Each structure stands twice: as structure tokens, then as C-alpha cells.
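In: take this sequence and fold it.
(chains A and B)
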Amino acid sequence: MLQKIEELFSNKLSVINLGIESFSADLQSQNVKSIHVRWKPPASGNKELLNLLSALYTDGVESANRKVLEIIANGHPKLIGLGIAKEVIPNFTEKTILHAGPPITWENMCGPMRGAVIGGLIYEGLAKDVEAAEKIVSTEITFSPCHHFHTVGPMAGIVTASMPVWIVKNDAYGNLAYATMNEGLGKVLRFGAYGTEVIQRLDWMRDELYPILKQSLDIKGEIDLRILISQALQMGDECHNRNKAFTSLFLREIAPAIARTDFSNEQKAKVLEFIHSNDHFGLNLSMPASKSIMEAAEGIENSTIVTTMARNGTEFGIRVAGLKGKWFTAKSPKVRGLYFPGYTENDAALDLGDSVITETSGIGGFAMACAPAIVGFVGGKASDALDYSQQMYQITLSESKHFQIPALNFRGTATGIDIRKVIETGILPIINTGIAHKNAGVGQVGAGLVNPPMECFEKALQNFKK
Amino acid sequence: MKHKIIIKKNSYYDSVSLMQLSDKAKLLPNVLDAVISMGTETNINFLKDIDLFDGHLDTAGPNDLVIAIRVEDERALESSSKLIENLLNQKESSEQKASEDKPVSFDYTLRKNADANMVLVSIPGEYAYYESKKGLIADKHVMIFSDNVSVEQEIQLKEMAVSKGLLLMGPDCGTAIINGVPLAFANVIPQGQIGIVGASGTGSQQVSSLIARMGSGITQLIGTGGRDLSEAVGGKMMLLGIDALNEDPKTKVIVLISKPPAESVMEKVLASASKCSKPVVVCFLGGRKDVIEKYKLIAADNLEEAALKAVQLAPGKTIGGYSSENELSATGGLAEIEKAKMNSNQKYIRGLYAGGTLCDESIIYLRQIFGTIYSNTTIDAGTKLTDSRISMRDTIIDLGDEEFT
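Out: Numbering: from 1, shown residues only, chains lettered A, B, ... in the order given. Below is the predicted model of the structure:
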């Protein structure tokens, strides 16, 4: 019972000082270790939030969070195969269409998402053209967030029944996650384009890319994505907005197996060229890898750690481990970024896509310090990137064992976003992201930084009360 | 006369450095009055009181810096506000340099410093509960220097601390000495054999200083905060402190110091002290000696006597050069000098104290000679001033009381 006091009396005093700084200086002048915290009123002094927060500082919440951190730390994503969405994703029907972000109706969808839905219907042969597509969307189609189907999709995130999907398994817990294959940049479905070239590319991906890669994976066997991400982070990727190293590493893994498939040399060469020409090919693997890690932590009662962040271009939504199945949403923010020549902020759609699952699991913006090559998007200086990644330690509860930042002496990335810390410090998660054109089909117009709305976290906090 | 309000959004400074800044600003040429403070409700009301106010002050929140100045004329307004901003920026730039080793989040600091064993809290009282609780959850001992923490919050924190076997010193605990290290406003006292549990900061300071002057020293000085021995709080920390010092092999004598405790709590504390294997000196100012002696404990009437008895009981120690007679004649001399300055119309006692226990001690002593002594302390409900700013006959005021801080 008195053990902790005995320990105090028999050890050196070591103080954390909150408040009057001179108390700390007095201690230091006596050679007593004292750390002064630059404290400021938590939650900007909002009494209601403080009361809610205070009720969430309990041993129960701490132990639930420790459990979630352990699940995240154990998470071990491996690429185990490819399949057709309706055949491998549970409960997927012919008329299911998955989209990015929290739930949304056709009426409320943003331009790029509507375009991608139309493209998806044309691709599936459910509609001939825009007019036909718009007729059936509200009557025949069941929309659902990718996240409700163990799936993640970048930008519009549209997944339809006959699209091929990667199958990623979290080896520690056995849960599976899915994502489509990345189509490249420019006029592509995920930015809402649905012209002939888009549909033709999707057809080729299903008819040639998919069978060749599927057979290659059968030959190669499973690929450890956790190791690939760890290595890519040390080669200048942050695995959200830069996937050049990841894509190259993946190509090294798979290329010999591609060569051994029984397709023609020309077909195989086209596959290699396609992957080589698309620096973001790896994004659609880092995303389901992150998803498989985070989904294993869902439903741990009392935990205040964020398991999902996602946007549908209209709303930003988060989900929290201890509040299973509930979305906490607010209006999707604007991205602060750099625009490609010819485009301005006025062309930008609001924040969009499931790719923020990478930040949720501790990479992406949280590993920005790994990726000096793209600091142009975040202010231009490498020190800005370091600052962003370092700031995230203030709102997370642990540091990754697997994902490390060379520039910070191989410190693990900030992992396990705690809604309490976000509200307390006022520091929001930092997200690296692409910017879509607000009109369907134009494509990417820039890239930059965005934060989720604080409202999402406040709503989640308020929900804990119930 | 002109005035101007400048609001800087989201710039937090601690109130102590802002008070220093305000002082500097008031000394600037042409400035009649200046207040630099955070935009808390209290501060904004204060600004309204002194008529340094305009409409957009209502947009300020507790994380916003408010600069309010009053000057002679329009011209002075411009130059003065510039000078004040310079003062602020000096502060800012020096802080920025050090920002790397100054963590901004308490939780983060807790996580990165597993070896820390004490959290010292001196932030505004309304936040003290919140942060202290986090300290306890992280298994740290906590000292709360802050006042303005509610009794309910104090009870919750202390219940939590006791269940975890942690010290929760305070709230409103100004003094503690742990392992020879003075915390907050404490003196450097030689290490020795006497352990103190004090519900009174000034009382504990006085006794520990006297122990040092008597050539002895202390092991630990555990502060409990002034309300610990109230009916509501029930002496939770004093009881834990007694147990801790009883178990501590270096402590040979225990001293308990408090203003008059609640009756029921006193019995509980004394009963617990009587189970100690070491001599316990009890100084409950104004408390009944017979109750203390009933529990076979050593009663002391005043702080000096508590120190003397403790030092005498500590093995192998004799009182050094200290004697009450010498002290008295030195003070007596001072009193004679002051007395000579007074005129015949001055007939009542006026006392201003910066410490509740010293104030109480004087009242207890003086009322034996002069009868009723009025005060703002609660030592005796019948003699409490209705307004601390208006004296009645013989009056002694404690300026350390919460109403003044």
C-alpha cells in the first residue's frame, strides 16, 4: 500500500512542473531534475469539453487504449492475393457501389464522386451513358462506404462488382482488407472521369493486368507489406502522397514472378510498364495495409483511439475504437496546397478519399519527415516536414515499432490518435493529400495539407457520455 | 484620455509573466494605465470594472492575449502600443529559442519521462483538478500549489490518491520538502530525523525553519493543503502522511501541524497517530490539549513549542544556540521602538499577516490578553469580520486568504 511513497522517499526526486516556471528553475538550481511544461488551458478553456474529457481520464480508458495500441503494434499486413470484388468481398452484390468516406446519398455527392459512380455503372454495363446512369442510381443501386466492406478507396473510392481488388490479410488477427488497383494519374475514375479511355483502361486492368498479377502472386506467394512500408519510409516515401519507393520495391518483388507467368512477353511488358509509369501504384497497397491494421482495433470498448478517418468530398468522418460503427462527421474542409499550372483554389473539390487511413495508422503526414522530396506541398522546407511529423507525437499515444523516421534518429512514427489529446491540445492530425477538381473527370489539380474538422472529435467525445 | 484594446488570438502566456509585463508597461512614458492579461472571464470583468473596455473585448477567450492601455492622447496611443508589443516580442523570441526542450503537452511529458515521480501543479485552479488527475492516473505523486479547487474535486483526487498509495499534497499547498528538496515556496532545511505532516503551509515553514535554527533537521515535510482536516475531506492526506512517516526508517519523530481541525476528524487523526511506533508531537492551534493527551501524544501549544519538543525527542540531538528568552528579548526590543512612534489615540490592535496559521496563532495568543479579536479567518465564527476591508476594534487580517489571492 505504501510502496509508492517508499519508492519516492528512497529515490531521487524528479519533477514535472505545470504552471509557475520559477518553481522549475529553483529545482534545477539544486540539481533536481525538473521538466517545465509549456502548459496552456486544455480545450481552449472550454468548460463543457473539459468536463467530458475529465470523465475520460480513468484507468478503464487507459487500459482499453493500451489494448488498442498493442493491436496496432501487432498488426502485420500481408498481400495474399487478388480477386473480383463481388466474389471476394463479403455481402457484395451486383448492384453494390462502394464510395470513399462516411455514408452519403447520391443527391449529396460531390462532382468527382458522381462522375466516378457514372463511370462505374458504364463499366459494369448497367448503363450506356450519363443519362441512363442517373436514372438508376437512386432506384437500383445500393451505396455504401468502402469502410463498411473492409475496403478503402482513394479519392472517390468507387468500387463496383466486377472490379479486381487486392486482398490484404492482417496476419496477427486474420482480418482481411481490400482495395482496387491504382489506375494512374490524369483522367481516371477515382477523380470522376468516365470517358471512353477511362473505361477502356479499367477493362484492360480487369482483362490483362488482373490475371497476370493474380498468377504472379500465386507464383510468388504472399508479400509482407509491413516490411515494404518500413523500407519505403527509409527511401523517401511517406506512403500517402509519395509512393515512388514503395512502388519500386513492390515491382522488385513481383517482377520475376510476372516473367514466369504464361502470358505473352508483350502482355507482361505492358504490365511492368504500367506499374513503372505510375508512382502511386503502391498507394492502393499501403491503404489496405493500414486498413487491416486499424480494423483489428475496432470495438475495443472505452478506447478513445481513432480507427478511421475518411472523406467523401462532402463530409469528413472519423470513427473511434470504443464507439463501434458510429461515424462522427462535419463538413469536408478545403485543402491548403499547391496547384498544378492552370488551376487555382477555385477549381478544387473539398477534401476527398479514404487515403487518410494511412495517417490514421501512423504513416502519411505523420511520416512526412521521411519524405523531403515532397516538402514543396507543405511549405518548402525540410524542417517544416520535421515539424509536422514531430507535432503529431502530442496527439498520439505511442510510437510505431515498425515505421521509423531516419531524420529523427529512427524514431517510430506517431501512432494511435487519441481524441482526448486532439481536443485538449487543439492540435489536429496532419494529412497529406491530393486535390481533385470539383468537376467530374478533370482529375488531380494539386496536392497539399489538410486537417480534419475539430467538430468530428468533439462529437465523438460527446458521444462517450452516453 | 484615450484607451485602446488589442487582442492577439491564441497566444497563451502564463499569468505571472504577464503581471510582470503589465508592470513594465505602466512605467512607459505617457501611459496612465495598462493591463496585459489573458482574456479570461475574470480578467475581462476586471477590465470592465476599471473602464478599460470596448465592444470587441467580448470576442476574447482564455487563450487570447488582451492588451489594454489608457493614455493621455491619440498620439501617445500609437507609440505606447508599439512599445508594449516590443516588450511582448522580447519575451516571445527568447521563448522560441528554447521551444525545443520545452514540451507543450503534459501528457506527452508524462509519457516521455517515466522516471518522474512528482508533478508540481501551479496552474489556475479551475484546471488543477483536471491535470492533477492525469498525474495520479500515471502513478505520479502530485503537489497542487493552486488554490480555487473545489472541495468535491479535492475529495475525489484524494480518494484516488489514497487508493493508489500516492501523495496528493494540496490543493493550496504552498510548502513541501521531499527528500531534502524544497518544493514551491519552501526553505532549504538540513536533513535530519523529524518528519512533518502539515495542513498549514506557513505553520510548516515556521516549524521546519525553527528546527533548522535549533540545529536539527527534517526527513520529509508533507503538505496536505489547508482543508484536509475539514469534516468533508476527513484528513485523508494527513492519515496517509502519518502512515508513510511511521514506515519511513529515517524518520524518528513525527510532527503534525494544523489549524483547528474538525472535531470528528481530529479524533480520527489522533487515533491513527497513537498507533505510531515513534513519538508524535501534535500542534493543532486552538485545539484541546486534553484530547491530544488522551491519545498519549505530545501536545504543543504553538509552533515554537512544537519545534522545540520535536528536536528534544530526536535521538542524539540537543538544542543548539536557540533559546526562547533570547528570541523574546530581541523581538521585545523591536516592539519598544515601534511603540515609541505611536500616539495616544491609537488604541486598537491592527495586524496584517501573510499566512493563515501565523495569523491564527497570534489571535489565539492575543485573545487571552485582550479578549475578542476580529479577523477574516474562520478560527472562531463569532469574531469573523463581515467585510474584510473594514476593521472592527482589534482586528487581525490574513492577506494570504483566498479572497485576496
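
In: pull the contacting residues for residue 25.
Out: In the absence of a named chain, this looks at chain A. Residues near A:Ala25 by Cβ atoms under 8 Å, 6 or more residues apart in numbering or on different chains: A:His36. C-beta coordinates here come from the backbone N, C-alpha and C atoms, glycine included.

In: you answered for a different chain; I wanted chain B.
Out: B:31, B:34, B:36, B:69, B:80, B:83-84, B:87.

In: what of B:Ala310?
Out: B:194, B:207, B:211, B:216, B:253, B:255, B:281.

In: I'd like the distance between it and chain A.
Out: Distance, B:Ala310 to chain A, by Cβ to the nearest Cβ, to the nearest Å: 19 Å.

In: tell me which helix or strand that residue sits in.
Out: helix B:303-313 (DSSP states H and E).

In: which of the contacts of B:Ala25 are buried, as a PyMOL select command?
Out: Buried residues among the contacts of B:Ala25 (16 or more other Cβ atoms under 10 Å in any protein chain shown), as a PyMOL selection:
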select buried, chain B and resi 31+34+36+69+80+83+84+87
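
In: so of the contacts of B:Ala25, which ones are in helices?
Out: Those of these mapping onto helices are B:80, B:83-84, B:87, per DSSP state H.

In: so B:Ile5 belongs to a strand, correct?
Out: Yes. Assessed by DSSP: H, G, I helix; E, B strand; the rest coil, B:Ile5 belongs to a strand.

In: report how many residues lie close to it.
Out: B:Ile5 has 18 neighbours, counted by other Cβ atoms under 10 Å in any protein chain shown.

In: beta partners of it?
Out: B:Ile5 forms beta bridges with B:Ala68, as assigned by DSSP bridges.

In: so how far is B:Ala354 from it?
Out: Using Cβ to Cβ, to the nearest Å, B:Ile5 is found at 34 Å from B:Ala354.

In: what does the pLDDT read for the spatially most central residue of chain B?
Out: The centroid of chain B falls nearest to B:Gly174 when counting by Cα atoms, centre = their mean (3.4 Å). With respect to pLDDT, B:Gly174 scores 90.

In: so who does the residue lying closest to it once chain neighbours are set aside touch?
Out: Take B:Gly174 and drop its neighbours on the chain: the residue closest to it by Cβ to Cβ, 6 or more residues apart in numbering or on different chains is B:Gly201, 3.6 Å away. Residues counted as contacts of B:Gly201 (Cβ under 8 Å, 6+ apart) are B:172-175, B:185, B:223, B:226, B:355, B:357.

In: from the contacts of B:Ala25, pick the one nearest chain A.
Out: B:Ile36 (16.3 Å; Cβ to the nearest Cβ).

In: rewinding a little: who wins for most neighbours among the contacts of B:Gly201?
Out: The most crowded member of these, judged by other Cβ under 10 Å, is B:Gly223 (33 neighbours).

In: surely that residue touches B:Ala176?
Out: Yes. If you go by Cβ atoms under 8 Å, B:Gly223 and B:Ala176 touch, sitting 4.3 Å apart.

In: what do the two both touch?
Out: In terms of Cβ under 8 Å, 6+ apart, B:Gly223 and B:Ala176 are both contacted by the residues B:143, B:169.

In: how close does whichever residue of the stretch 351-466 of chain A sits closest to chain B sit to A:Asp387?
Out: Distance from chain B to each residue of the stretch 351-466 of chain A (Cβ to the nearest Cβ) is smallest for A:Gln394, at 4.5 Å. Separation of A:Gln394 from A:Asp387 (Cβ to Cβ): 12 Å.

In: more neighbours: which of these two?
Out: Neighbour count, other Cβ under 10 Å: between A:Gln394 and A:Asp387, A:Gln394 has more, with 19 against 15.

In: quick check, pLDDT for the residue lying closest to B:Lys309 once chain neighbours are set aside.
Out: Excluding its sequence neighbours, the residue lying closest to B:Lys309 (Cβ to Cβ, 6+ apart) is B:Val281, at 4.9 Å. Looking at B:Val281, its pLDDT is 97.

In: which residues are contacting the helix or strand containing B:Val281?
Out: Take DSSP H and E as the rule and B:Val281 turns out to sit in strand B:280-284. With contacts defined as Cβ under 8 Å, 6+ apart, strand B:280-284 is touched by B:203, B:207, B:242, B:253-261, B:266, B:270, B:273-274, B:292, B:297-303, B:305-306, B:309-310, B:313.

In: restricted to buried residues, select those residues in PyMOL.
Out: To isolate the buried members of the contacts of strand B:280-284 in PyMOL, using 16+ other Cβ under 10 Å:
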select buried, chain B and resi 203+207+242+253+254+255+256+257+258+259+260+261+266+270+273+292+297+298+299+300+302+303+305+306+309+310+313
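
In: and the residue of the stretch 351-466 of chain A closest to chain B, what are its phi and psi?
Out: Backbone torsions of A:Gln394, given as degrees, to the nearest 10, read phi -70, psi -20.

In: that one and A:Lys187, how far apart?
Out: From A:Gln394 across to A:Lys187, the span is 40 Å (Cβ to Cβ).

In: one more: B:Lys9?
Out: B:Lys9 is 43 Å from A:Lys187, where distance means Cβ to Cβ.

In: the two: who's more crowded?
Out: Using other Cβ under 10 Å, the more surrounded residue of B:Lys9 and A:Lys187 is A:Lys187, with 18 against 11.

In: do you know how far the closest residue to the more buried one other than its chain neighbours is from A:Ile141?
Out: By the measure of Cβ to Cβ, 6+ apart, the closest residue to A:Lys187 outside its immediate chain neighbours is A:Ala193, 4.1 Å from it. Per Cβ to Cβ, A:Ala193 is found 19 Å from A:Ile141.

In: who has more neighbours, the two?
Out: More neighbours surround A:Ala193 than the other of A:Ala193 and A:Ile141, with 25 against 19 (other Cβ under 10 Å).

In: so, low pLDDT: which residues of the stretch 101-250 of chain B?
Out: By pLDDT under 70, the low-scoring segments of the stretch 101-250 of chain B are B:101-103.

In: what residues are up against A:Thr304?
Out: A:Thr304 neighbours (Cβ under 8 Å, 6+ apart): A:56, A:61, A:64-65, A:320-322, A:418-420, A:464.

In: one more time with 6 Å
Out: Applying Cβ atoms under 6 Å, 6 or more residues apart in numbering or on different chains, we find A:Thr304 in contact with A:61, A:418-420.

In: widest-spaced pair of those?
Out: Within the contacts of A:Thr304, A:Val61 and A:Ile419 form the most distant pair, 10.7 Å apart (Cβ to Cβ).

In: and the two? which has more neighbours close in?
Out: A:Ile419 (28 against 21).

In: ok, that one touching A:Glu458?
Out: No. The criterion here is Cβ atoms under 6 Å, and A:Ile419 misses it with A:Glu458 at 8.7 Å.

In: now do the contacts for the closest residue to chain B within the stretch 151-300 of chain A.
Out: Residue nearest to chain B within the stretch 151-300 of chain A (Cβ to the nearest Cβ): A:Ile300, separated by 18.3 Å. Contacts here follow Cβ under 6 Å, 6+ apart; on that basis A:Ile300 touches A:64, A:67-68, A:321.
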